[in-house]
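In: pasting a predicted model and its sequence here:
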Amino acid sequence: MLNELKDKKVLLLGRSTLFSDIEIINFLSNYNIDSSRDFSQELDVIIESRSINPIEDNISNDAYDRGIKIYKLHKLEEEMSRLLDENSTLMAIKLGSDMDRLDRLLSNEYISDNLFIKLLNIYEWEESEFGDSSRDRDIFIHTLTRFLHIKTNERDLLYSPLSLLKLIKESDNPELLLALISFPKVSFLQKNRSKLTIKEAIAQSPYIDKKITKKLLSFKDNHIDFFLASNPNISLDILNFLYDKNIDDINRALASNISIDNKLFIKLLEKEPDILLQYQPINLDRYNLAFGEAKAITSDKILSINKLLEPKVIEILVSKDIEDVDNNILLNYNISQEIIEKIYNKQNPSLYKNIALNPSTPIDILEKLYKINSYDINIRLSYNTSTPHQILEKLFELDDFEISKGLASNESLDIELLNILKIDTRLRNELTSNQKFVDSISRNLGL
């Protein structure tokens, strides 16, 4: 476009909402393009905006009749935005305190994400909390529009502060997360009725870097520190720093953080042994540290809940022949078939339900459990994606509601049978959680 306009005289019709007249005229002059709003001057081309007044409309129509080429202003705006020098633009705004230009640029969909974030960092919010400021609200909406992934029919989300939490959870851009820290205060109500702030939400993000961590720590807020302590992506030196605060809630968060090293593990063993052994990866060395003679014996039952146990530790627990421990281990779907066989061979009927539920259970054991003809076992088999098809079909024929709930959620059930189950509206939740069924419906609808 600029090459076509070189050495031409341009008449500007309509107004740009993104750039001032002076900015447009100066930009065009850099490319030897003479532009003005003087209708009386000779002209070679017209650049007009989407919205023009009646007088300008008449001029445009007359120019069209005379064969004068007309360009759309939004194309020029896009070109200007693409060629903006970021450093010069930022410096000019800062030195001139040009808030009007800052607002226009933040509303500009054509500028890069990188420039937008830099501009967002120098924007001065009018209120400390989201309220009546229309200017703040516009910047909020521009940010969500640019970075929040929403469907066309979800535009209403742009007007909800709750969408900010969605953006924080979705974003993998540390620079954006850093800019969001400075947003006005807003809290999000959680399922447990507690409230979560923007800073606390950002502290949980897997994409925060050292710059963000340092910024969050500077607030000296124990609630923020709690979420940092539980974040597995925080560096070990920061985790040690948080431990040195010697605050119970922070220690509990650290005990659940899978990124702590053995030194922190040993320190926390004296303070939060139950949380440690429930959430930490436990190998033989850590098991010996926790259960050694020099340590207080911690409940095997608590340890058996842990889904991050190494095979040798699982073998030790299974060898103790404790029913509750075995049942907890069976709820870990990462255990080996060998472990399940060992537990099954104990011939304890109280363990059969969880054996029937575990997708790692060998087929021959699932078949033996089905032959027991136990209602409770059959319910578990209906949920198990490893249950053989012929057994699933026989369970389907029972036409029992509780068994049908398991079958409706089971991706191994044939799609023909899932389509029959959809007639029962009570199974809607189970069917919508079944990806196989959802994909089938989407294909049928051409989505």
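Out: Done, it's in.

In: buried ones in the helix or strand that contains Leu395?
Out: Per DSSP states H and E: Leu395 is located in helix 389-397. Using 16 or more other Cβ atoms under 10 Å as the test for burial, helix 389-397 gives Ile391, Leu392, Leu395, Phe396. Every C-beta, even on glycine, is put in place using the N, C-alpha and C of the backbone.

In: hmm, the first one is touching Glu367, no?
Out: Yes: contact between Ile391 and Glu367 holds when scored by Cβ atoms under 8 Å: they sit 7.1 Å apart.

In: report the contact partners of the closest residue to Asp249 other than its chain neighbours.
Out: Across the structure, with Cβ to Cβ, 6 or more residues apart in numbering as the measure, the residue nearest Asp249 apart from its sequence neighbours is Phe226 (5.3 Å). Applying Cβ atoms under 8 Å, 6 or more residues apart in numbering, we find Phe226 in contact with Asp249, Ile250, Ala253.

In: repeat that with 10 Å
Out: With contact taken as Cβ atoms under 10 Å, 6 or more residues apart in numbering, Phe226 is in contact with Glu200, Ala203, Leu242, Ile247, Asp249, Ile250, Asn251, Arg252, Ala253, Leu254.

In: picking that back up, pick the one among the buried residues of helix 389-397 closest to Asn26.
Out: Minimum separation from Asn26 among these (Cβ to Cβ) is found for Leu392, which lies at 72.4 Å.

In: separation between the closest residue to the closest one other than its chain neighbours and Asp364?
Out: The shortest distance from Leu392 to any non-neighbouring residue, by Cβ to Cβ, 6+ apart, is to Leu413 (5.4 Å). When distances are taken as Cβ to Cβ, to the nearest Å, Leu413 and Asp364 turn out to be 21 Å apart.

In: between these two, who's got more neighbours?
Out: Counted by other Cβ atoms under 10 Å, Leu413 and Asp364 do not tie: Leu413 has more neighbours, with 24 against 11.

In: hang on, the more buried one packs against Glu393?
Out: Yes: at 8.5 Å, Leu413 counts as touching Glu393 under the criterion of Cβ atoms under 10 Å.

In: between these two, what contacts are shared?
Out: Both Leu413 and Glu393 are in contact with Leu407, where contact means Cβ under 10 Å, 6+ apart.

In: show me where the stretch 201-350 of the chain has helices.
Out: Counting by DSSP state H, counting those that start in this stretch, the stretch 201-350 of the chain has these helices, from start to end: 210-217, 222-229, 236-243, 248-255, 262-269, 273-279, 284-291, 300-305, 311-319, 323-330, 337-344.

In: out of the ones you listed, which comes closest to Asp400?
Out: Distance to Asp400, taken as Cβ to Cβ, is lowest for helix 323-330 among the helices of the stretch 201-350 of the chain, at 23.5 Å.

In: just the buried residues of the closest one, please?
Out: Buried residues in helix 323-330, counted by 16+ other Cβ under 10 Å: Val325, Asp326, Asn327, Asn328, Ile329, Leu330.

In: can you put those residues in TSV and add distance to Ser20 and pLDDT?
Out: Below are the buried residues of helix 323-330 laid out as TSV (distance: Cβ to Cβ, whole Å; pLDDT from 0 to 100):
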residue	distance to Ser20	pLDDT
Val325	73	95
Asp326	74	97
Asn327	71	97
Asn328	68	96
Ile329	69	97
Leu330	70	97
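
In: what ranges in the stretch 151-300 of the chain fall below the confidence cut-off?
Out: Within the stretch 151-300 of the chain, the ranges that satisfy pLDDT under 70 run 292-298.

In: re the thing from before, quick one: common contacting residues for Ile391 and Glu367?
Out: Counting by Cβ under 10 Å, 6+ apart, the contacts common to Ile391 and Glu367 are Leu381.

In: show me what contacts the residue nearest the centre of the chain?
Out: When Cα atoms, centre = their mean is applied to the chain, the residue found nearest the centroid is Glu170 (2.8 Å). By Cβ under 10 Å, 6+ apart, the contact set of Glu170 is Phe147, Leu148, His149, Ser205, Tyr207.
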